[in-house]
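Asks: here's a sequence, model it:
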Amino acid sequence: MLKIPGLTSVLAMVVVGSALADTAFTAASGPKCKDDSKPDFGLWTCPGPAGYAVRFADEGNMVSLTLAPSGKIANVGPTAQWRGAGKAFGDKVQWIVRGGAPRAAVIRTWRRPDDDEREIEELSVFAIDGKRACTYASVDIHRTRANELALAKAEQAAASRCPEQ
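Replies: Purely as a prediction, here's the structure:
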């Protein structure tokens, strides 16, 4: 009887290990990114896995993020935009890849609610549905086990579809 719980533990580690093998991290700034910034407007695009990219825009007060195939990213509207605060974007993007294609992404973000000056730091989760991407969830960074919760939400997002536009 003791062999069954042991086997269950081994199977659980294999499943978790295979899920983690489908996670990739890329930089959200730096030498691999293409910088198209102007003096009062930050705009840069960083490569992601499997021909995808993430474009960041920072106008000072408003910021946006776009997830799309690299060749189409300049012609796609923002996946999300918000009133920026502090740093606005984290240093890296975590991608969930299934069948060789990105299916979800997580990035640390900072924002201000509309009529409020307080700063909210969160992990923003996006679903990627083929050539479209959409906001899926956010996790307050101050929650217990926030990174694990965001990864769980990203796993759910990877199995979801974006609403029709």
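Asks: pairing partners for the strand ranked longest in the chain, with directions?
Replies: Using DSSP state E to define each element, the chain has its longest strand at strand 80-98. In the sheet, strand 80-98 lines up against strand 23-27 (antiparallel), strand 62-69 (antiparallel), strand 101-111 (antiparallel) (DSSP bridges).
Asks: how far off centre is the helix or strand just after the shortest one?
Replies: Next along the chain after strand 23-27, taking DSSP states H and E as the criterion, comes strand 34-35. Averaged C-alpha coordinates place strand 34-35 at 19 Å from its chain's average position (CA atoms, centre = their mean, to the nearest Å).
Asks: next one: stretch 123-133
Replies: With CA atoms, centre = their mean, you get 7 Å for stretch 123-133.
Asks: identify the bridge partners of the closest residue to D22 other than its chain neighbours.
Replies: The shortest distance from D22 to any non-neighbouring residue, by CB to CB, 6 or more residues apart in numbering, is to V97 (4.9 Å). (Each C-beta comes from the backbone N, C-alpha and C, glycine too.) Under the criterion DSSP bridges, V97 forms beta bridges with P102.
Asks: pLDDT below threshold where in the protein?
Replies: 1-21, 165 (pLDDT under 70).
Asks: before we move on, back to that, looking at the strands paired with strand 80-98, which is buried most?
Replies: strand 101-111 (a mean of 23; mean count of other CB atoms under 10 Å).
Asks: next structured bit after that strand?
Replies: Next along the chain after strand 101-111, taking DSSP H and E as the criterion, comes strand 120-129.
Asks: from what I can see D114 touches R83, true?
Replies: Yes - between D114 and R83 there is a contact at 6.7 Å, judged by CB atoms under 8 Å.
Asks: those two: who's more crowded?
Replies: Each of D114 and R83 has its neighbours counted (other CB atoms under 10 Å); R83 has more, 15 against 7.
Asks: for the more buried one, what are its contacts?
Replies: 61-63, 111-114 (CB atoms under 8 Å, 6 or more residues apart in numbering).
Asks: mind checking how far it is from D116?
Replies: Note on R83: its distance to D116, by CB to CB, to the nearest Å, is 9 Å.
Asks: where do the contact lists of the two overlap?
Replies: Common neighbours of R83 and D116 (CB under 8 Å, 6+ apart) do not exist.
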